[in-house]
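Engineer: Provide a 3D model corresponding to the input given below.
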Amino acid sequence: MNDQNKLLQKCLNNLKVLPDIRATLHEKYNIPAQTNIDGVLTIHSPVQSVDYPYTIQPYVTSSAAKLTVAYIKLLE
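Structural biologist: So this is what the prediction gives:
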């Protein structure tokens, strides 16, 4: 198993411990070839299911993560 798959599996394992949550991966989910998206993660709950496109970024620093979170909050 390569490092990217290990990282993805670790994320899925963290989701599995949440009550009433189920996650499904769709690596080939009609994603255009020119995008940087690795796949789509569907998170299922008793209320609804939501699709999230994902890109594996194995070497993210804490500074980059903080900037990304701040940027996403700004977009909201």
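Engineer: now the helix or strand of the chain with the lowest mean pLDDT, how far from the centre of its chain.
Structural biologist: Comparing helices and strands within the chain by mean pLDDT, DSSP states H and E singles out helix 3-16 as the least confident, with a mean of 84. Taking CA atoms, centre = their mean, to the nearest Å, the mean C-alpha location of helix 3-16 is offset from the chain mean by 9 Å.
Engineer: For it, give me every contacting residue.
Structural biologist: Counting by CB atoms under 8 Å, 6 or more residues apart in numbering, the neighbours of helix 3-16 from elsewhere in the structure are 1, 21-23, 25, 38, 43, 54, 56, 58. For the C-beta atoms, the positions are set from N, CA and C on the backbone; glycine is no exception.
Engineer: Tell me which two of those residues sit farthest apart.
Structural biologist: The two members of these with the most space between them (CB to CB) are Arg22 and Pro58, at 24.8 Å.
Engineer: Looking at these two, which is more packed in?
Structural biologist: Arg22 (13 against 10; other CB atoms under 10 Å).
Engineer: Now do the contacts for Thr55.
Structural biologist: Applying CB under 8 Å, 6+ apart, one finds that Thr55 lies in contact with 36-38.
Engineer: Buried subset of those as a PyMOL selection?
Structural biologist: Under the burial definition 16 or more other CB atoms under 10 Å, those of these that qualify are selected in PyMOL by:
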select buried, resi 38
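Engineer: so of the contacts of Thr55, which ones are in helices?
Structural biologist: In helices, judged by DSSP state H, none of those are found.
Engineer: picking that back up, which one of the contacts of helix 3-16 sits closest to Val69?
Structural biologist: Comparing these against Val69 with CB to CB places Tyr54 closest, at 15.7 Å.
Engineer: bridging residues for the closest one?
Structural biologist: Per DSSP bridges, residues listed as beta-bridge partners of Tyr54: Gly39.
Engineer: just checking, it touches Ile37?
Structural biologist: Yes. Taking contact to mean CB atoms under 8 Å, the distance of 7.0 Å between Tyr54 and Ile37 places them in contact.
Engineer: what helix or strand does Ile72 sit in?
Structural biologist: When secondary structure is defined using DSSP states H and E, the element that contains Ile72 is helix 62-75.
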